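Visitor: Got a sequence here, can you model it:
(chains A and B, ligands or ions: 2)
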Amino acid sequence: MKIPACRLADLPRGEAFRLDIDPPVSVFHTDDGEFFAIDDTCTHQDASLADGWLEGCEVECPLHASKFDLRTGAVDAPPAKRPVRTHEVVVEDGVIHVRLSTDAPDLPPCVASRLAGGSA
Amino acid sequence: MRTVAVVGASLAGLSAARSLRKRGYDGRLVVVGEEFHRPYDRPPLSKEFLAGALGEADLALEAHDEDLGAQWLLGVRATGLDRTRRALRLADGREVRVDGLVIATGAAARRLPGADGLAGVHVLRTLDDARALRDELARGGRLVVIGGGFVGAEVASTARALGLDVTVVEAAPTPLSGPLGAAMGGVVSGLHADHGVRLLCGVGVKGLSGERHVDAVVLEDGRGIPADTVVVGVGARPCVEWLEGSGIELDNGVKCGADGRTGLAGVVAVGDCANWYDPRARAHRRVEHWTGARERPDAAVATLLAGGAVTPGVPRPPYFWSDQYGVRIQFAGHAAGADSVTVEEGAVDDRDVLAVYRRAGDPVAVLGMNQARSFTRWRKQLAAATS
Ligand SMILES: Cc1cc2nc3c(=O)[nH]c(=O)nc-3n(C[C@H](O)[C@H](O)[C@H](O)COP(=O)(O)OP(=O)(O)OC[C@H]3O[C@@H](n4cnc5c(N)ncnc54)[C@H](O)[C@@H]3O)c2cc1C
Ligand code: FES
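Guide: Ligands and ions are numbered 1, 2, ... in the order given. Sure thing, here's the model as predicted:
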């Protein structure tokens, strides 16, 4: 599924845009001008990675500082232990779109159980 | 270097061991830890673990397939260091000859004199402490927390959510005024009253009463506060007494440089036991926070492997978080020395605040309550401004 996120002009370098779908997805525009999309929720606890510290191709979780590689979703060191899901970014006609991954998301236990409760 | 020993098998020790391997050290690596447990995470002990929302397996700091090629000596305490023979002495009589040594023995909870042997009285530092306290809180009743610091406040918050009747006793006029300053310490500790927890300030504790089991906390003004359970949360002291006589300078922990180096070649100190030189504050600081114990060992290990021949980078300003009553509290920098504190976003009454501490107009610290996004921005600015 390909969904529009925001206009290219609205996402300057070094910034992130959170797409409020369930689970939320965030698009990052790196200082080098690249775009990446990953699940917004840290795999450790309920924190928004769009609120995190972006450096190069990595975002550091705003709470407990695990770092995620935006290209692969891989995490560097605990407290988060599992990678985040990555999505493809497509820019068309000045609009940033996200092509959602079909993989299962890797959400922290507290969020996963809330979502499971919500859909039951 | 053929043998490096890491003493202390918790966050700082594990982070050092990881950095050693990541930086290419392929010699013998010995990790010594007094506790029998593999490295585990302490912050959840006063929060999700105490509440029963996380189990012991969730606390593991190692990935399940992680193998550092280390020799783990667990359940044994290091008792001394012989600097001339470069030998580490262990409590079971063994000795480990080392070329390099990482001191990561952390801190231990301070206890109340005279409280030993009285059932129902707890401290909270280790997994074993947390198990015992969790079982006791499950019985409900009246909890008195002595000390309004972060760990005490988190225990109060968790216990309140479990339905206990909770009182916090704090000797200072305002809790948290050390780390946060009086004004913001008051705002954060206002969370207690918001959630129906009694906070008694400005009065010391004289002692505990009870025969075999505690039944009250006796205050210096003579009042007795009935209690079924007491948690003593009066801070921690660095575990460095085993280094006395080793030639390593001890002063509020292991006194060390900005990169963890001590006065002895080949010996560095990291984590809660280390009194680092902080180039921003131009003073030595012992910082008891998770993120420092996780990040700083890498600089110390770089120094160790280079034989001291590296220039330390300026570490990021100290950072910590605390979760109380569902509010996410974050703090970075040093509040001491600030001459003003202003609320930049949110409102104090809503417990939704971003406050900036300044000295002569320059930001020196930032506090956030449920303000993750702007907090990160300010934290970045703080790091850039003072690096
Ligand atoms: C209940 C609780 C909640 C916390 N919550 C937060 C939080 O929300 N946010 C935050 O930023 N920080 C928090 N902290 C602080 C954080 O956990 C510490 O800063 C961190 O654990 C320090 O790691 P360390 O490895 O330096 O020391 P420690 O974790 O104290 O580990 C030191 C280890 O060394 C061992 N040891 C000691 N002496 C010897 C010896 N002679 N020989 C062998 N082994 C020895 C000890 O048994 C221990 O296992 C919390 C701490 C506690 C206790
Ligand atoms: S919530 Fe992201 S590291 Fe903990």
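
Visitor: Low-confidence regions, the stretch 151-300 of chain B specifically.
Guide: Along the stretch 151-300 of chain B, segments meeting pLDDT under 70 are nowhere present.

Visitor: which residues in it form strands?
Guide: Secondary structure of the stretch 151-300 of chain B (DSSP state E, counting those that start in this stretch): strands located at B:165-170, B:198-201, B:205-210, B:214-219, B:224-226, B:229-232, B:236-238, B:254-256, B:267-269, B:274-278, B:283-285.

Visitor: angle of the fourth one against strand B:205-210?
Guide: Calculated by axes from the mean of the first three to the mean of the last three Cα atoms, to 10 degrees, strand B:214-219 forms an angle of 160 degrees with strand B:205-210.

Visitor: Compute the distance between residue B:270 and residue A:60, please.
Guide: Remark: distance between residue B:270 and residue A:60 (Cβ to Cβ, to the nearest Å) = 20 Å. (Each C-beta comes from the backbone N, C-alpha and C, glycine too.)

Visitor: Repeat that for residue B:149.
Guide: Counting by Cβ to Cβ, the gap from residue B:149 to residue A:60 is 27 Å.

Visitor: which of the two has more neighbours?
Guide: residue B:149 (20 against 17; other Cβ atoms under 10 Å in any protein chain shown).

Visitor: so what's that one closest to, chain neighbours aside?
Guide: residue B:233 (5.8 Å; Cβ to Cβ, 6 or more residues apart in numbering or on different chains).

Visitor: Check residue B:180 too.
Guide: Nearest to residue B:180 is residue B:335, by Cβ to Cβ, 6+ apart, at 5.7 Å.

Visitor: For that neighbour, report the pLDDT, please.
Guide: Note for residue B:335: predicted pLDDT of 93.

Visitor: what residues are up against it?
Guide: Listed by Cβ atoms under 8 Å, 6 or more residues apart in numbering or on different chains, the contact set of residue B:335 reads B:179-181, B:184, B:357, B:364-365.

Visitor: Then residue B:344?
Guide: By Cβ under 8 Å, 6+ apart, the neighbours of residue B:344 are B:354-356, B:374.

Visitor: any idea how far it is from residue A:15?
Guide: 20 Å.

Visitor: number of nearby residues for the residue of chain A found nearest ligand 1?
Guide: As assessed by Cβ to the nearest ligand atom, ligand 1 sits closest to residue A:64 within chain A, at 8.1 Å. For residue A:64, the number of neighbouring residues by other Cβ under 10 Å comes to 20.

Visitor: follow-up on the earlier one: ranking the strands of the stretch 151-300 of chain B by burial, who's on top?
Guide: Counting by mean count of other Cβ atoms under 10 Å in any protein chain shown, strand B:267-269 has the highest mean neighbour count of those, with a mean of 29.

Visitor: What is it packed up against?
Guide: strand B:100-103, strand B:254-256, helix B:290-305 (3 or more Cβ pairs under 8 Å, 6 or more residues apart in numbering or on different chains; DSSP states H and E).

Visitor: and the second one, what does it pack onto?
Guide: Of the remaining helices and strands, those touching strand B:254-256 by 3+ Cβ pairs under 8 Å, 6+ apart are strand B:267-269, strand B:274-278.

Visitor: Where does the stretch 251-387 of chain B get nearest to ligand 2, residue-wise?
Guide: With Cβ to the nearest ligand atom as the measure, residue B:321 is the residue of the stretch 251-387 of chain B nearest to ligand 2, at 8.8 Å.

Visitor: Render the CA-only coordinates of whatever helix or strand that residue lives in in CSV, please.
Guide: Using DSSP states H and E, residue B:321 falls within strand B:319-324. Output of strand B:319-324 as CSV, limited to C-alpha atoms (Å, rounded to 0.1, in the frame of the first residue of the first chain):
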residue,chain,number,x,y,z
TYR,B,319,21.1,12.8,30.8
PHE,B,320,18.5,10.8,32.8
TRP,B,321,14.9,9.9,32.7
SER,B,322,12.4,8.9,35.3
ASP,B,323,8.9,7.6,34.9
GLN,B,324,6.5,8.6,37.7
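
Visitor: Which SSE is immediately downstream of it?
Guide: strand B:327-333.

Visitor: Tell me if that next one is near ligand 1.
Guide: No. Using Cβ under 6 Å from any ligand atom, strand B:327-333 never reaches ligand 1; the gap is at least 8.7 Å.

Visitor: what's the angle from that strand to helix B:290-305?
Guide: 40 degrees.

Visitor: Briefly note if strand B:327-333 comes near ligand 2.
Guide: No. Judged by Cβ under 6 Å from any ligand atom, strand B:327-333 stays clear of ligand 2, getting no closer than 9.9 Å.

Visitor: Identify the residues contacting that strand?
Guide: A:62-63, B:179-180, B:188, B:191, B:316-323, B:351, B:357, B:363-372, B:375, B:378-379, B:382.

Visitor: what's the angle from that strand to strand B:319-324?
Guide: Going by the same axes, to 10 degrees, strand B:327-333 makes 160 degrees with strand B:319-324.

Visitor: starting at the chain centroid, how far to whichever helix or strand comes after strand B:327-333?
Guide: Sequence-wise, the next helix or strand downstream of strand B:327-333 (DSSP H and E) is strand B:340-347. Relative to the chain's own centre, strand B:340-347 is displaced by 27 Å; criterion: Cα atoms, centre = their mean, to the nearest Å.

Visitor: Likewise for stretch B:205-224?
Guide: 27 Å.

Visitor: gap between the two ends of that stretch?
Guide: 10 Å (Cα to Cα, to the nearest Å).

Visitor: which bits of chain A sit near ligand 2?
Guide: So far as Cβ under 6 Å from any ligand atom goes, chain A lies against ligand 2 at A:42, A:44-45, A:47, A:61, A:63-64, A:66, A:79-80.

Visitor: Which of those fall within strands?
Guide: Judged by DSSP state E, strands contain none of the residues of chain A next to ligand 2.

Visitor: so what's the residue nearest to residue B:149 up against?
Guide: B:109, B:123-124, B:145-149, B:151-152, B:155.

Visitor: do the same with residue B:171
Guide: Applying Cβ under 8 Å, 6+ apart, the residues near residue B:171 are B:202-205.

Visitor: can you give me the end-to-end distance of stretch A:56-71?
Guide: Start-to-end, stretch A:56-71 (Cα to Cα) is 11 Å.

Visitor: ditto for stretch A:31-50
Guide: Start-to-end, stretch A:31-50 (Cα to Cα) is 15 Å.

Visitor: quick one: is it near ligand 1?
Guide: No. With Cβ under 6 Å from any ligand atom as the criterion, ligand 1 is not reached by stretch A:31-50; the gap is at least 11.4 Å.

Visitor: buried stuff in that stretch?
Guide: The neighbour-count criterion (16 or more other Cβ atoms under 10 Å in any protein chain shown) identifies A:35-45, A:47-50 as the buried residues of stretch A:31-50.

Visitor: hang on, the earlier thing: pick the most deeply packed of the helices and strands packed on strand B:267-269.
Guide: strand B:100-103 (a mean of 28).

Visitor: partner strands of that strand, parallel or antiparallel?
Guide: Strand B:100-103 has the following strand partners under DSSP bridges: strand B:3-7 (parallel), strand B:267-269 (parallel).

Visitor: Any part of the last one near ligand 1?
Guide: What it means is strand B:267-269. No. Residues of strand B:267-269 are not located near ligand 1 by Cβ under 6 Å from any ligand atom, the shortest gap being 9.5 Å.
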